[in-house]
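**Student:** here are the coordinates; sequence isn't available:
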């Protein structure tokens, strides 16, 4: 035993979290996933344009709800197919970073709206002669 066998075994097991082993890297499978994601994203985008232009003949009060649902679906497609966010144990940090980012955005937008509402309520009424 020259020690080279131990080095090769250690090299195979030395992977960063979320990194696939060299034997699992299949270019065809990776490209097919990207193409599926591209098709789904294009379909969701086209559906959003159809709904927003009124060509889909959807009940008018349901248009914002449909657009929000399509936007959430679009975000899901991007997260899964392009950012490769999965529920695996190696993606826990990515999921937590995404959740923290969403929390920060919600706090920033919600806090800004809350402050603007209270500033508007505290304004003096407009003077009318």
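**Tutor:** Right, received. Where do you want to start? Bear in mind that the values here come from a model prediction, so they are computed numbers and not experimental data. Numbers count the residues shown, from 1 in each chain.

**Student:** domain ranges for the chain?
**Tutor:** 23-84, 87-124 (automatic domain parsing).

**Student:** longest helix of this protein, counting residues only.
**Tutor:** Assignment by DSSP state H gives helix 92-122 as the longest helix of the chain.

**Student:** go through the domains of the chain and pick out the most buried.
**Tutor:** Burial of the domains of the chain is given as mean neighbour count (mean count of other C-beta atoms under 10 Å); domain 23-84 ranks first at a mean of 13. Using the backbone N, CA and C atoms, a C-beta is placed for each residue, glycine as well.

**Student:** ok so, going back, where among the domains of the chain is average confidence lowest?
**Tutor:** Least confident of those, judged by mean pLDDT, is domain 23-84 with a mean of 88.

**Student:** distance from it to the middle of the chain?
**Tutor:** 11 Å (C-alpha atoms, centre = their mean, to the nearest Å).

**Student:** next SSE downstream of the strand or helix carrying residue 39?
**Tutor:** Using DSSP states H and E, residue 39 sits within helix 27-53. Downstream of helix 27-53, the next assigned helix or strand under DSSP H and E is helix 63-77.
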